[in-house]
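Peer 1: after the sequence you'll find the predicted model.
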Amino acid sequence: MTPPTPPAPPASPHALDAHLRIDRAAFRLDLPLTAAPGEVLALLGPNGAGKSTALRALAGLLPLTAGHLRLDSTTLEDPATGLHTPAESRPVGVVFQDYLLFPHLSALDNVAFGLRCRGADKKTSRTEARPWLERMGLAEYAESKPRALSGGQAQRVALARALAVRPRLLLLDEPLAALDARTRLEVRAQLRRHLAEFEAVAVLVTHDPLDAMVLADRLVVIEDGQVVQSGTPSEISRHPRTDYIARLVGLNLYQGTAEGRTVTLPDGEQLFTTEELTGAAFVAFPPSAVVLHRTRPESSARNVWQLEVGGLDLHGDQVRADLTGPLPLAADLTPAAVAELDLAPGTKVWASVKAAQTHAYPA
Amino acid sequence: MSSAPPTAAAPDTAVSSRTRARRRSPHIPYALLLPALLGLAFLVLPLAGLLVRAPWSTLPSQLSSSEVWEALRLSLICATAATGLSLLLGVPLAWLLARTDFPGRRFVRSLVTLPLVLPPVVGGVALLLVLGRNGLVGRWLDTAFGITLPFHTSGVVLAEAFVAMPFLVISVEGALRAADPRYEEAAATLGASRLTAFRRVTLPLIAPGIGAGAVLAWARALGEFGATITFAGNFPGQTQTMPLAVYLAMESDPEAAIALSLVLLAVSIAVLAGLRDRWISSP
């Protein structure tokens, strides 16, 4: 959303420079966070990881225990000096998970709300709010009450309402979670376009890896209040560093010690790869790289284990087999192959993976 | 039902209509039915008796006396003023109880609800002790500003508000607790101060609760007797409201008392009918 009038402030390397520390009885959030102007950051993590806590802290709805929060080199919060800028004084816009559109106000008045709070009169704020609705393709819904809007429309009104006050930091809490699958695709594409146009920092919180990868320039994966990995979507999907991310991006992931082209896992199992490494290393391979056999294969694959089928699940047009044994792994195969191999939970199978289809990288 | 295939629908409807029929002709246990009907009669019969015994032939002359209209006018004005005062003070008080956390909040809440269970006469005595001409605050009001509250119309308003405001506070506090506080957070992120968020977001959201509370408070104020007669006395035209007039008339002229009671009944029914759809039945 490029504002037509005011020129953007000189680009500093870190438009957002934050270290969020929040201590609670049984939980600690410790999250360093930086972002360049125009960057879209996704906080990705399982439920209870502290994503929403971080978002509330950025919005000023939850005070920090320690750390700092600077936006465009203005310090908004610094517990060391007792500085806490309240939510209403921060140049921050929030799109809440269930949007929280004011039910008694029309779509237009919802968008105009922030402008009125900043001193514009009723007429001016409405005049300024209307283009935002038009930009979202909702001009004809200006007078509609939120309950008359579909989920996708309400989401766009919420986005327009947050953007209308020209925030320097846009926060989106699970922006697509409340939508059904079909609307989700469409809204995700629109949201991506609006975020790409947004010139300040955007931080979105999600537990859906696809949302994060499509919408964000950089992912920060948090578990138990700590950053476990951060990087571009392609880095993270190629080099997962925790089981949680590996599951999200659909890879088998193992951590062990590399010696040349062999990675030895803590329990003694060995994986053969093509990359030369020494020291702590990860090995990852996709479930589609696993080939299953009823008898010990005579193939050239060097990674061969005898395992037991733990469960079978249909994933799209593929069957995902969860195998247990010395090296637990997931394998994808066609329903025809399942029938041919006569697989059922408890069946003993041989699994092979070619070294060339594994990917090893330093831990 | 309509989406079910026709073959399956037939036995289904048969079953459900049978259960519905059973529900329609219920066997209500007599142990519940008898007390229920007695209770209904107990509530309705006195009102019916009022209508039966009403001196319909002399009613026009009874009601044309200026004293009746004086009392009715005073009652309506005072009840409305007491409701206004309750709104002005009670809504912020309810907000404080529902949205903030301060030490002793539970204690304060029980203090607020005390007038609900306190005999109104005791309330009147207490008001007299504090706001009376020799009361703690009353003396100061008298000497500093020359304001005398007891035995004055303003005293009626105060006495009624004292008894009626808890109804409003409880009702509004309930509405506030039911309203999602995150709307106020959303307003804050849009730049609204807490006061603006309260005024432009919270108030409209809880308007039905405020309306219901105001109706309750107004009805309670209209019928207020004990605190009023104790604190404000019984001066026709100045502090004599309808309930006081009814009570007084009962001793000298029962027919007049019935006529006055009919007027109060009519007013109550009119208020209930007029506001039911808009406020009370809305969630």
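Peer 2: Alright, I've got the coordinates. Since the structure is predicted, the reported quantities are computational estimates derived from the model, not experimental observations.
Peer 1: tell me how many other residues surround whichever residue of the stretch 1-150 of chain B sits closest to chain A.
Peer 2: Residue of the stretch 1-150 of chain B nearest chain A, by C-beta to the nearest C-beta: residue B:99 (14.2 Å). Glycine gets a C-beta too; all of them are placed from N, C-alpha and C. A count of neighbours around residue B:99, defined by other C-beta atoms under 10 Å in any protein chain shown, yields 16.
Peer 1: same question for residue A:274.
Peer 2: Neighbour tally, residue A:274, other C-beta under 10 Å: 12.
Peer 1: may I have the beta-bridge partners of the closest residue to residue A:318 other than its chain neighbours?
Peer 2: Leaving out its chain neighbours, the residue that sits closest to residue A:318 by C-beta to C-beta, 6 or more residues apart in numbering or on different chains is residue A:332, at 4.6 Å. Beta-bridge pairing of residue A:332 under DSSP bridges involves residue A:320.
Peer 1: wait, residue A:332 touches residue A:315, no?
Peer 2: Yes: assessed by C-beta atoms under 8 Å, residue A:332 is found in contact with residue A:315 at 7.1 Å.
Peer 1: who has more neighbours out of these two?
Peer 2: residue A:332 (18 against 11).
Peer 1: mind listing the residues bridging to the nearest residue to residue A:78 once chain neighbours are set aside?
Peer 2: In space, and not counting its chain neighbours, residue A:78 is closest to residue A:68: 4.9 Å by C-beta to C-beta, 6+ apart. Residue A:68 has these beta-bridge partners by DSSP bridges: residue A:19.
Peer 1: can you give me the strands in the stretch 101-250 of chain B?
Peer 2: With DSSP state E, counting those that start in this stretch, there are no strands along the stretch 101-250 of chain B.
Peer 1: chain A contacts on that one?
Peer 2: B:180, B:182-183, B:185-193, B:196, B:200-201, B:204-205 (C-beta under 8 Å from any C-beta of the partner chain).
Peer 1: tell me the contacts of the residue of the stretch 1-150 of chain B closest to chain A?
Peer 2: B:176, B:181, B:184 (C-beta atoms under 8 Å, 6 or more residues apart in numbering or on different chains).
Peer 1: emit the ChimeraX select command for whichever of the residues you listed are buried.
Peer 2: ChimeraX command restricting the contacts of residue B:99 to the buried ones, with burial defined by 16 or more other C-beta atoms under 10 Å in any protein chain shown:
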select /B:176,184
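Peer 1: show me the shaky parts of the stretch 151-283 of chain B.
Peer 2: B:275-283 (pLDDT under 70).
Peer 1: how many neighbours does residue A:155 have?
Peer 2: 26.
Peer 1: ignore what I typed, I meant residue B:249.
Peer 2: There are 21 residues near residue B:249, going by other C-beta under 10 Å.
Peer 1: my guess is it contacts residue B:264, does it?
Peer 2: No: taking contacts as C-beta under 8 Å, residue B:249 lies outside contact range of residue B:264: 12.0 Å.
Peer 1: hey, what's in contact with both of those two?
Peer 2: Between them, residue B:249 and residue B:264 share no contacting residue, judged by C-beta under 8 Å, 6+ apart.
Peer 1: host element of the closest residue to chain B within the stretch 201-350 of chain A?
Peer 2: Residue nearest to chain B within the stretch 201-350 of chain A: residue A:203 (13.2 Å; C-beta to the nearest C-beta). According to DSSP states H and E, residue A:203 maps onto strand A:201-206.
Peer 1: quick check: mean pLDDT of that strand?
Peer 2: Averaging pLDDT along strand A:201-206 gives 93.
Peer 1: same check on stretch A:106-124?
Peer 2: Stretch A:106-124 comes out at a mean pLDDT of 92.
Peer 1: restricting to C-alpha, output that stretch in PDB.
Peer 2: Below are the C-alpha coordinates for stretch A:106-124, written out as PDB (Å, rounded to 0.1, in the frame of the first residue of the first chain):
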ATOM      1  CA  SER A 106     -20.700  -0.100   8.600                       C
ATOM      2  CA  ALA A 107     -17.700  -1.400   6.700                       C
ATOM      3  CA  LEU A 108     -16.800   2.200   5.800                       C
ATOM      4  CA  ASP A 109     -17.100   3.500   9.400                       C
ATOM      5  CA  ASN A 110     -14.900   0.600  10.500                       C
ATOM      6  CA  VAL A 111     -12.200   1.700   8.100                       C
ATOM      7  CA  ALA A 112     -12.800   5.400   9.100                       C
ATOM      8  CA  PHE A 113     -12.600   4.600  12.800                       C
ATOM      9  CA  GLY A 114      -8.800   4.900  13.100                       C
ATOM     10  CA  LEU A 115      -8.800   8.200  11.100                       C
ATOM     11  CA  ARG A 116     -11.500   9.600  13.400                       C
ATOM     12  CA  CYS A 117      -9.500   8.600  16.400                       C
ATOM     13  CA  ARG A 118      -6.600  10.500  15.000                       C
ATOM     14  CA  GLY A 119      -8.600  13.700  14.900                       C
ATOM     15  CA  ALA A 120     -10.400  13.700  11.500                       C
ATOM     16  CA  ASP A 121     -14.000  14.700  11.500                       C
ATOM     17  CA  LYS A 122     -16.700  12.300  10.400                       C
ATOM     18  CA  LYS A 123     -16.900  13.600   6.800                       C
ATOM     19  CA  THR A 124     -13.200  13.700   6.200                       C
END
